[in-house]
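Undergrad: No letters, just coordinates:
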C-alpha cells in the first residue's frame, strides 16, 4: 500500500481531500496517525503564530502621514526652483577673461617712473630743471638711434 | 470564477464597501490588519525590528496609494500584497546581510519564544513542545516563498486563491509551495518522534 504523498497530506490539511484520499485515511492507520500528529503540530504552530501581535507603539496615524506629505509638497516648488537654477548655472557659458591690453604709452609711463626714482633725492625746487634735463637727454638718445 | 473570488473577498461594513471605508477613515479600516502584516513580515525576516519598520512602511504606502484600491480583492489581500512586495525589496537591498548571518551575528528570535506555553499535562506538553519545535525547525529551512505560503495558509488562514493573489503567483504554484512546506514539516516531525 502506498502511503499519502506530501501533496495529498496538504490537501487533507486544506480540509477538502479527494475521495480516494479519504478512503485511504480510513484504511491506513500509519497515515491516519501521521496526519493526526502533523495536524496537531501545525495547529500549535498556527496558534503560536496568531498569538503574536504588533507592538503597541506601531500605530499608524494617517493625519500625520498626510501632514508629512503636505510638508513635502510645500517645499517641492522651492526645491524645483533651486534645481532649475543649479542647472542654468551649470549650463551657462563661462565668461572669457578680459583681454590683456597693452597701452601704447606703457614705455612712456615706465620711463617717467624711472625718472621719478632717479630724481627722488632732487630738491623740490629743482625737479622741473632735472626733468627738463632728463627730457633733453632722452631726445638726444632718440636722435642718435 | 474571477467574479466568485471577487465576491468572496468583498467585505461590507454595514453596507459600506471596504474601499469606501478605506477612503473615509483609513486608520479605522486598516487597524484590524496591523498585527497580521506584522506577523507576516516577522515570519519572513524573524526580526521584530525589521518587521515593525516594514509594517510602518507598508501602512504608509497603503495610505499613499489608497485611491488605487479598487476593492476587487479584499483589503487584507491588498495590504498583504504590499507587505510582500516591500519584503522582496528589502530582501534585495539586504544581500549584505547574508555575510552577517553566515558568521552568526544575526540570530533571529523565533516567533514562538514570545508566546505563552500551554500546559495541559506534563507528557502531552512535552510532546506538543517537541512537535512545535519540529515545525519551527522545518519552517526555518523553507525557501522564502514556501515560508510565506505556509504562513499565509496556516497562520493567517487564507485560502489558495487569496494566497495566490497576495504572492502574485498562480494557484498551482501556491499548492506546490504549501505541499513542499508540509513535506518539510512532515519529515521534521517524524524525526522528532523517533
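TA: Here it is on my side, so go on. All values derive from a computational prediction rather than experimental measurement.
Undergrad: Quick check: closest non-adjacent residue to residue B:65.
TA: Excluding the flanking residues, the one nearest residue B:65 by CB to CB, 6 or more residues apart in numbering or on different chains is residue B:82, at 7.8 Å. Placement of C-beta: from N, CA and C, glycine included.
Undergrad: and if you look at residue B:16?
TA: residue B:24 (7.6 Å).
Undergrad: so how far is residue B:44 from the one you found?
TA: 31 Å (CB to CB, to the nearest Å).
Undergrad: For those two, indicate the residue with more neighbours.
TA: Using other CB atoms under 10 Å in any protein chain shown as the criterion, residue B:24 and residue B:44 rank with residue B:44 on top: 22 against 11.
Undergrad: right, is the helix or strand hosting that one up against chain A?
TA: In this assignment (DSSP states H and E), residue B:44 forms part of helix B:34-45. Yes - residues of helix B:34-45 contacting chain A under CB under 8 Å from any CB of the partner chain: B:34-35, B:37-39, B:42-43.
Undergrad: Give me the neighbour count for residue B:174.
TA: Close neighbours of residue B:174, defined as other CB under 10 Å, add up to 25.
Undergrad: Phi and psi next, for residue B:143.
TA: phi -70, psi 150 (degrees, to the nearest 10).
Undergrad: err, residue B:17, not the other one
TA: Torsion angles, degrees, to the nearest 10, at residue B:17: phi -70, psi 160.
Undergrad: is it true that residue A:56 lies in a strand?
TA: No - counting by DSSP: H, G, I helix; E, B strand; the rest coil, residue A:56 is not part of a strand but coil.
Undergrad: who's in contact with it?
TA: By CB atoms under 8 Å, 6 or more residues apart in numbering or on different chains, no residues touch residue A:56.
Undergrad: same deal with residue B:144?
TA: B:44, B:91.
Undergrad: Please list the residues of chain A that sit near chain B.
TA: A:5-7, A:9-10, A:13-14, A:34, A:37-38, A:40-42, A:44-46, A:48-55, A:58-62, A:65-66, A:69.
Undergrad: Just the buried ones from the residues you listed?
TA: A:6-7, A:9-10, A:13, A:34, A:37-38, A:40-42, A:44-46, A:48-50, A:52, A:54, A:58, A:60, A:62, A:65 (16 or more other CB atoms under 10 Å in any protein chain shown).
Undergrad: got the end-to-end distance for stretch B:40-53?
TA: Counting by CA to CA, to the nearest Å, you get 13 Å between the two ends of stretch B:40-53.
Undergrad: If you count neighbours, what's buried in it?
TA: B:40-48, B:50-53.
Undergrad: of those residues, closest to chain A?
TA: Set against chain A, the nearest of these by CB to the nearest CB is residue B:52 (5.6 Å).
Undergrad: rewinding a little: report the buried residues of whatever helix or strand the residue nearest to residue B:65 lives in.
TA: Using DSSP H and E, the element containing residue B:82 is helix B:75-93. By neighbour count on 16+ other CB under 10 Å, the buried set for helix B:75-93 is B:75-84, B:86-87, B:90.
Undergrad: That one vs helix B:34-45, what angle?
TA: 30 degrees (axes from the mean of the first three to the mean of the last three CA atoms, to 10 degrees).
Undergrad: Now do the same contact list for residue 45.
TA: Because you didn't say which chain, this covers chain A. Counting by CB under 8 Å, 6+ apart, residue A:45 makes contact with B:112, B:132, B:135-136, B:139, B:154-155.
Undergrad: you looked at the wrong chain, it should be chain B
TA: Contact analysis of residue B:45 by CB under 8 Å, 6+ apart lists B:51, B:54, B:87, B:90, B:108.
Undergrad: Verify the contact between the first one and residue B:41 for me.
TA: In other words, residue B:51. Yes - with contact defined as CB atoms under 8 Å, residue B:51 counts as touching residue B:41 (4.0 Å).
Undergrad: do you know how far the nearest residue to residue B:80 once chain neighbours are set aside is from residue A:24?
TA: Nearest non-adjacent residue to residue B:80, counting by CB to CB, 6+ apart: residue B:166, 4.4 Å away. Per CB to CB, residue B:166 is found 32 Å from residue A:24.
Undergrad: With neighbour numbers in mind, choose between the two.
TA: Taking other CB under 10 Å, residue B:166 and residue A:24 do not tie; residue B:166 has more neighbours (27 against 19).
Undergrad: Check the contact between the more buried one and residue B:84; I expect there is one.
TA: Yes - using CB under 8 Å as the test, residue B:166 is close enough to residue B:84 to be in contact (5.9 Å).
Undergrad: Grab the longest helix from chain B for me.
TA: If you go by DSSP state H, chain B has its longest helix at helix B:171-193.
Undergrad: Count the neighbours of residue 28 for me.
TA: By default, I'm working from chain A. Neighbours of residue A:28 under the rule other CB under 10 Å: 16.
Undergrad: wait, chain B
TA: Residue B:28: 12 neighbours (other CB under 10 Å).
Undergrad: Need the three-state assignment for it.
TA: Quick answer, by three-state DSSP: residue B:28 is helix.
Undergrad: thought it was touching residue B:21?
TA: Yes - counting by CB under 8 Å, residue B:28 does reach residue B:21; the two are 7.2 Å apart.
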